[in-house]
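Visitor: the following block contains a protein sequence and its predicted model.
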Amino acid sequence: MLLASLLDSRLMYYEPQIKTREEIYRDMVSRICRNYPLPICGSELVKLVLERDEETSTAYPTGLAIPHIRMEGFNDTLISVCVPAHHVDYEGTHVSVIVLIITNKSATKLYLNIVAALLKLSKDREAMRTLGKVKDGHYILTTIKQMGITIKEKLTVSDIMISAPVTITPEAKLSELGDLMNKHDIAVLPVVDENKKFLGEVNVLNLLKVGVPDYLMMMTNLNFLESFEPLEKLFESEDIVTVGEIMNKECEVLSPDASIIEAVFLMIKHEKRFYSVVDHGTLVGILTSMDVFGKVFKV
Amino acid sequence: MTLMLLALVIFGVTYVMIITEWINKMLAAMIGGFLIVLTGILKQGNAFAAIDWNVIFFLIGMMMVISVMRETGLFLYLAIKTAKLAKGKPLRVTMYLFLATAVISAFLGSVTTIMILVPIAMLIAAELKITPVPFIVTMIIASNFGGAATMIGDPPNIMIGSATDYTFLDFIFNLTPPVLIITLSSLLLIRIIYRKSMEVSNQARARLMEYNEKNLIQKPKMMVISLIVVALMLTALSLQGVFKFETATVAMSAGLFLLLMNSRKKIEQVLVKDMDWVTIFFFIGLFMIVESLVETGFIDALANRVLKVTHNEPRSTAMAILWISGVFSSIVDNVPFVASMIPLLEKISSVFQAEHIPQAMMHPMWWSLSLGTCLGGNGTLIGASANIVAVGIAGRSGYHISFKEYTKIGVIFTLNAMLISTVYIWFRYF
């Protein structure tokens, strides 16, 4: 299915003025309500869209925002596209294309595939630049038509992964690892060499384990010990031990072409919430269970 | 003759695999066991009939008992209590831990005892800020001594007990006295060897005394129940002469009862985590392989050769068994060794019968085999499973104990033990 076939040029427009997110939503909603009879409309609908934005961000780092409403008693999929002349701020993300989607409650799969197609489009910098230059609704539609974007059947890991994750090299010292975890507030990092070749993963438990000798791990419990200071040893070895010595080398990884259900399946099965996405030995991104939850299920 | 050679080759290759650990020892034993059948040396039925199920189920039963007892925290409690009784003075801690390890090993088996006690010994050493190596080395030695004292302490004894008519009490009467003497004299050796080497600050000792070992008793009720069950189990084993219970039946009854009381909701977890299936299948494979040596007549030939050398004379035969077992067990895993020695001794027994030598003369043979294999295990780092396990635990925590470092100490204790055993066998049975 072509993405263009789902679009209606009356719902697509160029916004030359500086407007807030709410003002843009208001314009989009009024265009929709002018052309389609909806059970909920006007300010009430704008409020719903804003509320949805509050829950989890609908903006992607590529400069695309996809606000979305599922409406009961409505049996179609409406897509409104706004290309603002000036970036709109979404909690720090600069958004240059806003796509508002209204679907019925049962069209989840179609919706996810539209999102996937849009995300793919947004990753194509050339295409985004072309779209940014279009100054008219009809042109937006023609441009998208020309791009020949299809809605595929499958949403894959590469569509929702984080593509430029924080990484670390095996030569890095533990102090550096600790700093990175602290700075970015993350508990797991993929370990790569200078060519982005994936070597393993290192997590905060690997780090803490340095301070706990192996023999303690063999005991059934430690509730008789009050004074033992495991972190003493961690501090001592912070600048001596390298990431390579403590990382997990045998990690399950995801392929960028893997389906979302496969990713979810593996996450549940291995009780692993963080996956490195590896393409032919090279790290291309990471995917956490919260990414899946936030971007796919909580839509 | 061809079959015998083939059987010998399979046995030899398997043995090399087990010693060198080029492949997992269970895998080696099982592959060997079924190759014996596949090559037609043994019929499957005969190979299966050779498996000593009394040994297998005894091991399984004991693993069940230990799985429950471990959870109660009793053993950790005992270890900490021991160290506190020694007031944290390192030489005393070493000696007390030596005794505790020997006593616990006599009932739990050496490997289990090492797995439970070595980590705690390392913690105590870390707290005292001294190297744990003397603790570990002496505990390995104690575990092998303790295991030698009873029928259920060490796999060789379990196998000998199962293959012969000796009861639990026979083992106590014949083996515990020499092991007691060996253990006490070893304490003296520890004193001589380590007297000067360990200094500890009062501060470190005070910290050790702060351990709140009472917290370790996790399930007081279950602990009492399991102690009663173990007491009953030992009583039943002691009354083997009266009731004719087989060892496996007693151990399985105790194990199943404790699982029923404590773990019925997590049986699968117990089966996966606490049962050492590698050991179980290792034994099964070994029994099958050794049977091929028996059926093809190799063991008969070997027994005749041994008796020819010793001129059918019981005392020199016993001495030969003791020392050959001791030397052999100090360099190779003693389980496959005993598995092959048992049919050899059975053959010697029938030769004695034919030569009208009194059957009482067989006693020193069996006890020599037991003492030789169990005590010889201390000779080198790779002589017994307990040694390998302990060194593994130490190594993973950053304390590398080298073959040389261990053997230097191990040889002294082993020689002492072997000499005492020699005197004991010599004077008690002849």
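Guide: Alright, I've got the coordinates.
Visitor: how about the residues of the stretch 101-250 of chain A by chain B?
Guide: By Cβ under 8 Å from any Cβ of the partner chain, the part of the stretch 101-250 of chain A that sits against chain B consists of A:213-216, A:218-221, A:223-228. Bear in mind the C-beta positions are built from the backbone N, C-alpha and C, glycine included.
Visitor: report the buried members of these.
Guide: With burial judged by 16 or more other Cβ atoms under 10 Å in any protein chain shown, the buried subset of those is A:213, A:214, A:215, A:216, A:218, A:219, A:224, A:225.
Visitor: the fourth one is in contact with residue A:233, isn't it?
Guide: No - the pair formed by residue A:216 and residue A:233 falls short of the contact definition of Cβ atoms under 8 Å, at 10.9 Å.
Visitor: surely residue A:81 forms part of a helix?
Guide: No - assigned with DSSP: H, G, I helix; E, B strand; the rest coil, residue A:81 falls outside any helix and is strand.
Visitor: from the chain's centroid, how far away is the helix-or-strand element of chain A with minimal mean pLDDT?
Guide: Least confident helix or strand, chain A: helix A:230-237 with a mean of 73, by mean pLDDT, DSSP states H and E. Distance, stretch centre to chain centre, for helix A:230-237: 36 Å (Cα atoms, centre = their mean, to the nearest Å).
Visitor: right, and the helix or strand after that helix?
Guide: As assigned by DSSP states H and E, the chain's next helix or strand after helix A:230-237 is helix A:243-246.
Visitor: for residue 288, which residues are in contact?
Guide: The chain I'm using is chain A. Residues in contact with residue A:288 (Cβ atoms under 8 Å, 6 or more residues apart in numbering or on different chains) are A:162, A:273, A:274, A:275.
Visitor: if you could check chain B rather than the one you did, that'd help
Guide: Residue B:288 makes contact with B:32, B:33, B:34, B:36, B:37, B:42, B:47, B:48, B:50, B:51, according to Cβ under 8 Å, 6+ apart.
Visitor: who wins for neighbours among those?
Guide: Using other Cβ atoms under 10 Å in any protein chain shown as the neighbour test, the contacts of residue B:288 are led by residue B:36, with 30 neighbours.
Visitor: pLDDT score assigned to that one?
Guide: In this model, residue B:36 is scored at 95, pLDDT.
Visitor: is it in a helix, a strand, or coil?
Guide: Under three-state DSSP, the three-state class of residue B:36 is helix.
Visitor: thought residue B:286 was touching it, still the case?
Guide: No - look at residue B:36 against residue B:286 with Cβ under 8 Å: they stay out of range, at 11.0 Å.
Visitor: just give me the residue closest to the centre of the chain.
Guide: Using chain A here. Nearest to the geometric centre of chain A sits residue A:160, at 4.8 Å (Cα atoms, centre = their mean).
Visitor: hm, I was asking about chain B
Guide: Note on chain B: the residue nearest the mean C-alpha position is residue B:154, at 2.4 Å, using Cα atoms, centre = their mean.
Visitor: contacting residues around it?
Guide: B:105, B:109, B:110, B:144, B:147, B:148, B:374, B:377.
Visitor: what strand or helix carries the residue lying farthest from the centre of chain B?
Guide: Relative to the C-alpha centroid of chain B, counting by Cα atoms, centre = their mean, residue B:203 is the outermost residue, at 38.1 Å. For residue B:203, the host element (DSSP H and E) is helix B:202-209.
Visitor: need the CA coordinates for the helix or strand that that helix is followed by. PDB is fine.
Guide: Reading on from helix B:202-209 to the C-terminus, the next helix or strand found by DSSP H and E is helix B:220-238. This file holds the C-alpha atoms of helix B:220-238, laid out as PDB (Å, rounded to 0.1, in the frame of the first residue of the first chain):
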ATOM      1  CA  PRO B 220      14.900 -23.200  62.500                       C
ATOM      2  CA  LYS B 221      12.000 -25.600  62.300                       C
ATOM      3  CA  MET B 222      13.300 -27.200  59.100                       C
ATOM      4  CA  MET B 223      16.700 -27.400  60.600                       C
ATOM      5  CA  VAL B 224      15.500 -29.400  63.600                       C
ATOM      6  CA  ILE B 225      13.500 -31.700  61.300                       C
ATOM      7  CA  SER B 226      16.400 -32.300  59.000                       C
ATOM      8  CA  LEU B 227      18.800 -33.000  61.900                       C
ATOM      9  CA  ILE B 228      16.300 -35.500  63.200                       C
ATOM     10  CA  VAL B 229      16.000 -37.100  59.800                       C
ATOM     11  CA  VAL B 230      19.800 -37.300  59.500                       C
ATOM     12  CA  ALA B 231      20.000 -38.900  62.900                       C
ATOM     13  CA  LEU B 232      17.400 -41.400  61.900                       C
ATOM     14  CA  MET B 233      19.200 -42.100  58.700                       C
ATOM     15  CA  LEU B 234      22.500 -42.700  60.500                       C
ATOM     16  CA  THR B 235      20.700 -45.000  63.000                       C
ATOM     17  CA  ALA B 236      19.100 -46.900  60.200                       C
ATOM     18  CA  LEU B 237      22.500 -47.300  58.500                       C
ATOM     19  CA  SER B 238      24.000 -48.400  61.800                       C
END
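Visitor: could you pull out the strands for chain A?
Guide: Ranges of strands in chain A, per DSSP state E, are A:12-15, A:59-60, A:64-65, A:68-71, A:78-84, A:88-90, A:93-95, A:97-104, A:188-192, A:198-203, A:274-279, A:282-288.
Visitor: other SSEs contacting the second one?
Guide: So the one you mean is strand A:59-60. Strand A:59-60 sits against strand A:93-95, with contacts defined as 3 or more Cβ pairs under 8 Å, 6 or more residues apart in numbering or on different chains; DSSP states H and E.
Visitor: and the strand it packs on, how far out from the chain's middle?
Guide: In terms of Cα atoms, centre = their mean, the centre of strand A:93-95 is set 14 Å apart from its chain centre.
Visitor: residues of it that come out buried?
Guide: Buried residues in strand A:93-95, counted by 16+ other Cβ under 10 Å: A:93, A:95.
Visitor: give me the buried subset of the contacts of residue A:288.
Guide: A:274, A:275.
Visitor: now the contacts of residue A:288 as CSV including distance to residue B:85 and pLDDT?
Guide: Shown next, in CSV, are the contacts of residue A:288 (distance: Cβ to Cβ, whole Å; pLDDT from 0 to 100):
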residue, distance to residue B:85, pLDDT
A:162, 57, 89
A:273, 47, 93
A:274, 48, 95
A:275, 52, 95
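Visitor: most widely separated two among the contacts of residue A:288?
Guide: The most widely separated members of the contacts of residue A:288, counting by Cβ to Cβ, are A:162 and A:273 (13.6 Å).
Visitor: where does the stretch 51-200 of chain A dip in pLDDT?
Guide: The stretch 51-200 of chain A contains residues with pLDDT under 70 at A:153.
Visitor: ok, now which ones touch the closest residue to chain B within it?
Guide: Using Cβ to the nearest Cβ, residue A:174 is the residue of the stretch 51-200 of chain A that sits closest to chain B, at 16.0 Å. By Cβ under 8 Å, 6+ apart, the residues touching residue A:174 are A:207, A:210, A:234, A:237, A:238, A:239, A:241, A:242, A:243, A:246.
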